[in-house]
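> Sharing a sequence plus its predicted fold:
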Amino acid sequence: MNAERPKLKIPFQTIDIVIELASITVLILMWIHLILEFANLPDSVPSHFNAAGEPDNYSGKGFLWFLPALATVMYIGLFILNRFPHLHNYKVNITEENTLKQYRFSTRILRIVNFLCALILAYINYQIIIGAQNNASDLGVGFLITVVGVSVLLPVFIYVYQQKLKK
């Protein structure tokens with residue numbers, strides 16, 4: 001079915017540029033913060049947290065390179081995937097009439113998810129670094145509330161917005 005879908009290059013709108021620049025800024029700041037603080041970190045840092053945001057596993061500080069690397073690889077992968085909206089999954093049939101609207105919606109949502117993933121990983125990296133330096137290494141309950149809130153509210157927002165697109 002994907003082969004039958006039109007292949008369009010979806011032009012960036014201002015909001016798309018802002019979201020992409022915000023994602024890239026978060027990634028750059030995450031790398032810079034780690035590079036600047038790495039020498040000042042203890043040899044062991046939290047590497048896993050329970051639901052209360054308390055560390056339940058520790059690793060060497062080299063583990064901290066994993067988070068910006070993961071965020072960067074995810075960003076690049078989702079950025080590339082976004083160039084091929086005809087390969088995305090859709091709840092409606094893609095026709096000549098709705099192609100641009102559906103593709104724009106799909107690419108924008110993927111762009112937002114990409115930004116949120118980078119932001120969450122940057123926050124975790126930041127909290128681990130700051131916590132390790134201050135010997136207070138929990139993420140806090142606010143982190144769990146934020147992640148669950150975003151995980152629940154974002155799909156609801158997407159569904160409501162998508163219902164508006166059908167009209």
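Yep, that arrived. Numbers count the residues shown, from 1 in each chain.
> hey, let's count contacts and neighbours off CA atoms from now on
OK.
> Which residues are in contact with the spatially most central residue of the chain?
For the chain, the residue nearest the mean C-alpha position is Cys117 (1.7 Å; CA atoms, centre = their mean). For Cys117, the contacting residues are Ala71, by CA atoms under 8 Å, 6 or more residues apart in numbering.
> With Val156 instead?
So Val156 contacts nothing (CA under 8 Å, 6+ apart).
> So it: helix, strand or coil?
The three-state assignment at Val156 reads helix, by DSSP: H, G, I helix; E, B strand; the rest coil.
> Also Tyr58?
The three-state label given to Tyr58 by three-state DSSP is strand.
> what's the pLDDT at it?
Tyr58 is assigned 86 on the pLDDT scale.
> Bridge partners for it, pull those for me.
Going by DSSP bridges, Tyr58 is paired in beta bridges with Pro46.
> what about the residue nearest to the centre of the chain, which helix or strand?
Assigned by DSSP states H and E, Cys117 belongs to helix 99-134.
> name the element Val147 belongs to?
If you go by DSSP H and E, Val147 is part of helix 141-166.
> Export stretch 110-119 to CSV, keeping only CA atoms.
Output of stretch 110-119 as CSV, limited to C-alpha atoms (Å, rounded to 0.1, in the frame of the first residue of the first chain):
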residue,chain,number,x,y,z
LEU,A,110,7.2,13.0,14.6
ARG,A,111,9.2,16.3,14.9
ILE,A,112,7.6,17.0,18.3
VAL,A,113,8.3,13.5,19.5
ASN,A,114,11.9,13.8,18.4
PHE,A,115,12.2,17.1,20.4
LEU,A,116,10.6,15.6,23.5
CYS,A,117,12.9,12.5,23.4
ALA,A,118,16.0,14.8,23.1
LEU,A,119,14.7,17.0,26.0
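> Nothing else from me, thank you.
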